[in-house]
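Engineer: Here is the input, now give the coordinates:
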Amino acid sequence: MTSDVGRRLKSVRTMHELSQRELARRSGITNATISLIESGSLNPSVGSLKRILDGIPLDLGEFFSFDLSEGDPVFFPKEQLVEISRGRITYRQVGQDMHGRAIQVLHETYAPGADTGKVLLSHNGEEGAVVVRGRLEVRVGDQVRVLGPGDAYYFDSRTPHRFRNVGDEECELVSACSPPGV
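Structural biologist: As a prediction, the model looks like this:
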């Protein structure tokens with residue numbers, strides 16, 4: 001319980017852009033006491049906590065109903081990438097939920113000879129990628145280029161396009177599409 005109060009206090013304080021020193025000044029509680037509470041080393045009395053919260057200002061009910069979720073994740077171990085397509089072409093997405101997101105980041109792999117089909121793709125947005133390994137033929141409108149490791153593309157996705165692995169090894173790239181959608 002002590003650490004929960006400390007985590008809550010630190011979250012609320014930083015959300016209100018207050019330093020420990022400023023909150024101490026506003027509440028009449030020492031800076032050291034606020035530090036001890038936030039570190040989980042001290043469990044404040046209800047009266048002390050109320051005085052601290054008055055310095056924000058926030059009442060006890062709001063304080064304990066505040067969502068302590070960690071927010072959106074920032075880092076994604078490779079095991080947590082979301083496989084959204086498998087087969088000769090795989091797409092592994094960074095992040096679970098793309099709702100409300102402005103960009104989609106993918107780790108793509110193409111088996112030798114794999115392609116996105118004879119019919120050219122076209123959709124709203126923009127996309128770009130950097131080839132990590134292998135060779136990828138990219139067709140965008142009337143332009144065709146074979147890209148190797150370190151080469152990149154970036155284009156308006158409304159222009160009809162197609163991708164094909166023209167090498168003898170798997171082709172790997174990291175791509176981004178805005179707005180999200182494969």
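Engineer: contacts and neighbour counts: CA atoms only from here.
Structural biologist: Noted.
Engineer: Show me where this structure has its strands.
Structural biologist: Assigned by DSSP state E, the strands in the chain fall at 82-85, 89-93, 104-110, 126-133, 136-140, 143-147, 152-156, 161-165, 171-178.
Engineer: Ok, which of the ones you listed comes nearest Glu22?
Structural biologist: Closest to Glu22 of these, according to CA to CA: strand 104-110, at 39.8 Å.
Engineer: Report the backbone C-alpha coordinates of the closest one in CSV.
Structural biologist: Output in CSV follows, covering the C-alpha atoms of strand 104-110 (Å, rounded to 0.1, in the frame of the first residue of the first chain):
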residue,chain,number,x,y,z
GLN,A,104,2.5,1.9,-38.3
VAL,A,105,6.0,0.5,-38.1
LEU,A,106,6.5,-3.0,-39.5
HIS,A,107,9.3,-5.6,-39.6
GLU,A,108,8.8,-7.3,-42.9
THR,A,109,10.4,-10.5,-44.4
TYR,A,110,10.0,-11.8,-47.9
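Engineer: That one versus strand 161-165: what angle between them?
Structural biologist: Strand 104-110 and strand 161-165 are oriented at 40 degrees to each other (axes from the mean of the first three to the mean of the last three CA atoms, to 10 degrees).
Engineer: quick one: strand 104-110 to chain centroid distance?
Structural biologist: 15 Å (CA atoms, centre = their mean, to the nearest Å).
Engineer: Tell me the buried residues in that strand?
Structural biologist: The neighbour-count check on strand 104-110 (16 or more other CA atoms under 10 Å) flags Gln104, Val105, Leu106, His107, Glu108, Thr109, Tyr110 as buried.
Engineer: what ranges of the chain fall below the confidence cut-off?
Structural biologist: 1-3, 66-72, 99, 182 (pLDDT under 70).
Engineer: Name the residues linked to Val138 by a beta bridge.
Structural biologist: Arg145, Phe163 (DSSP bridges).
Engineer: burial count for Leu42?
Structural biologist: Leu42 has 16 neighbouring residues, counting by other CA atoms under 10 Å.
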